[in-house]
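Undergrad: Give me the fold of what follows.
(chains A, B, C and D)
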4 protein chains.
Amino acid sequence: MIEHKHTLRVQYPDTDKMGTVHHSNYAKYYETARWELFRSIGISYSSIEQAGYLLPVIEMKTKFYKTTYYDAELTVITKIVGMKGPRIFFESTLYNQENELLNSCDIELAFVKKDTWKPCSAPLFVLEILQKYV
Amino acid sequence: MIEHKHTLRVQYPDTDKMGTVHHSNYAKYYETARWELFRSIGISYSSIEQAGYLLPVIEMKTKFYKTTYYDAELTVITKIVGMKGPRIFFESTLYNQENELLNSCDIELAFVKKDTWKPCSAPLFVLEILQKYV
Amino acid sequence: MIEHKHTLRVQYPDTDKMGTVHHSNYAKYYETARWELFRSIGISYSSIEQAGYLLPVIEMKTKFYKTTYYDAELTVITKIVGMKGPRIFFESTLYNQENELLNSCDIELAFVKKDTWKPCSAPLFVLEILQKYV
Amino acid sequence: MIEHKHTLRVQYPDTDKMGTVHHSNYAKYYETARWELFRSIGISYSSIEQAGYLLPVIEMKTKFYKTTYYDAELTVITKIVGMKGPRIFFESTLYNQENELLNSCDIELAFVKKDTWKPCSAPLFVLEILQKYV
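TA: Purely as a prediction, here's the structure:
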């Protein structure tokens, strides 16, 4: 298994009139952290698209435990927890600087061909790397 | 039970370099449709905040069946499927003009006090209306 | 000259912790209204891209006179004020329901070829329509 | 005069179906860089709001010279070029890793009281610091 740590800061436009982070932004934080995990093991998400593949999100289960605020420094922990055919499964969690769990998300993505959006195996150069970890 | 229909058009900044709608935007479509359902039964979401309450999202389970494109006219069906203490449960689905199911989301929100973020019952003027439907 | 009126409602994620609309969103309101102007004269922006062209923004001068709030119903007035080679000039203004001027923007866009991003004349089917108005 | 350098990476949802960065996002990049400049001289933007002030944008003149792409590492140069009454003037420019100028923006903001949105002088703790640089 692989586990990756990414830190980010809440930006002003991420907030809404509740004074906290709008719920749609957590998906963006998780996405950024996911591709940083990939980068850390030698895969840039861009290289996947350049090879003719896309990796759209298929399912997300998000739990919102605690909210957060402008300028907070947050940590995203991203784990790859499995692969099955075209599908790849991530568990992501978000913590504040007091190490409180703010949000968690189980995310399933699927490799598809860029031109047809048909599900397919991951490209070989990705598989070879991922198989070391999953 | 109450079921509400809202139509919207995909805007250019909702898209990403895949050429389709970025996955974080579905939460925004569902939110807009949810408050239009409320408006249709005589509750404006603003009036809830003005009364000293907020209604943050607590949990979302989203399935992405099919993607969609710039300028598509979409229909969101929003249902209130239950209430329990401070919590209120919605089922939302998104369809394209060919009536294909694009996306579905089970969404749980909770009434909280604006000043403390403590869970609480819905304000009376909301409860009185919602009890007719739930 | 052509002048077009588009109405929209401020959505929750358009707001920020100031309680008002985040300044980056006005560009989105103007864009939506601009392509609705185009649609009203028989040009869909999608058809421009399908013909192999893009219409990126080249310059924007935005003045923020007055802010606005969640759920406000706003009116965008969009005018095409000129064309010159590949460039097309818009004047956009945003009003609230009290008819107060909230925001104005002079926007310049340029037709470019989709594959090279080189500036070029508008496609003929667009020129033929626009020449009636500019 | 003060000049500050901030680097950032283009995220996936910043892109649109043109394959490049949506024009509304430059305002967000400039905002993040602006408050990092403030942080670098000992002012957190949060502390301004906590002191009862807001600093909304009053005017922006943006020129789009060259576009940019997903995952690009960009540098924002932010300069404070003047203050006048409640107003503060910034010049911001955005460069890619090849040091090409992508975008420039003259931005004017104004200090206002949080409760009334009336223009006012900057709070003293901000003025004392800014006067060293402007």
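
Undergrad: CA only for contacts and neighbour counts going forward, please
TA: OK.

Undergrad: what sits against the closest residue to A:Y133 other than its chain neighbours?
TA: In this structure, A:Y133 finds its nearest non-sequential neighbour in A:M1, 4.9 Å apart by CA to CA, 6 or more residues apart in numbering or on different chains. A:M1 sits next to A:K79, A:I80, A:V81, A:Y133, A:V134 when contact means CA atoms under 8 Å, 6 or more residues apart in numbering or on different chains.

Undergrad: Need the residues you listed in JSON lines (columns: neighbour count).
TA: Below are these laid out as JSON lines (neighbours: other CA atoms under 10 Å in any protein chain shown):
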{"residue": "A:K79", "neighbour count": "20"}
{"residue": "A:I80", "neighbour count": "22"}
{"residue": "A:V81", "neighbour count": "17"}
{"residue": "A:Y133", "neighbour count": "13"}
{"residue": "A:V134", "neighbour count": "15"}
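
Undergrad: can you put those in TSV and add secondary structure, pLDDT and distance to D:R34?
TA: Below are the contacts of A:M1 laid out as TSV (DSSP: H, G, I helix; E, B strand; the rest coil; pLDDT from 0 to 100; distance: CA to CA, whole Å):
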residue	secondary structure	pLDDT	distance to D:R34
A:K79	strand	98	34
A:I80	strand	97	36
A:V81	strand	96	39
A:Y133	coil	90	40
A:V134	coil	84	41
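
Undergrad: how about the helices in chain A?
TA: A:25-40, A:45-50, A:124-130 (DSSP state H).

Undergrad: now, of those helices, which is deepest in the fold?
TA: Most buried of the helices of chain A, by mean neighbour count (mean count of other CA atoms under 10 Å in any protein chain shown): helix A:25-40, with a mean of 19.

Undergrad: And the contacts of stretch A:113-120?
TA: Contacts for stretch A:113-120 (CA under 8 Å, 6+ apart): A:E49, A:G52, A:Y53, A:L54, A:G85, A:P86, A:A110, A:F111, A:V112.

Undergrad: Ignoring the adjacent residues along the chain, who's closest to the last one?
TA: Translated: A:V112. A:V112 sits nearest to A:P119 (CA to CA, 6+ apart), 4.2 Å away.

Undergrad: any idea how far A:V126 is from the one you found?
TA: Going from A:P119 to A:V126 by CA to CA, to the nearest Å gives 15 Å.

Undergrad: same deal with A:A27?
TA: 23 Å.

Undergrad: between the contacts of A:M1, which is nearest A:K63?
TA: Minimum distance to A:K63 across these is 16.4 Å, recorded for A:K79 (CA to CA).

Undergrad: Grab the nearest non-local neighbour of that closest one.
TA: Nearest to A:K79 is A:E3, by CA to CA, 6+ apart, at 4.5 Å.

Undergrad: what does chain A put close to chain C?
TA: Near chain C, the residues belonging to chain A are A:Y12, A:P13, A:D14, A:T15, A:D16, A:K17, A:M18, A:G19, A:T20, A:H22 when assessed by CA under 8 Å from any CA of the partner chain.

Undergrad: got those residues as TSV, with pLDDT columns?
TA: Shown next, in TSV, are the residues of chain A next to chain C (pLDDT from 0 to 100):
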residue	pLDDT
A:Y12	98
A:P13	98
A:D14	98
A:T15	98
A:D16	98
A:K17	98
A:M18	97
A:G19	97
A:T20	98
A:H22	98
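
Undergrad: can I get those residues in TSV with neighbour count?
TA: Shown next, in TSV, are those (neighbours: other CA under 10 Å):
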residue	neighbour count
A:Y12	23
A:P13	23
A:D14	25
A:T15	26
A:D16	25
A:K17	20
A:M18	19
A:G19	18
A:T20	18
A:H22	26
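
Undergrad: so which of the residues you listed would you say is closest to C:F64?
TA: Looking across the residues of chain A next to chain C and measuring by CA to CA, the closest to C:F64 is A:P13, at 16.8 Å.

Undergrad: shouldn't the closest one be in contact with C:H22?
TA: Yes: using CA atoms under 8 Å, A:P13 is in contact with C:H22, at 6.4 Å.

Undergrad: Overlap of the contact sets of those two?
TA: With CA under 8 Å, 6+ apart as the test, A:P13 and C:H22 both reach C:T15, C:D16.

Undergrad: so where do the strands sit in chain A?
TA: A:2-9, A:53-54, A:57-64, A:73-84, A:87-95, A:101-110, A:112-113 (DSSP state E).

Undergrad: and of the ones you listed, who's closest to C:N96?
TA: Comparing those by CA to CA, strand A:2-9 comes nearest, at 33.5 Å.
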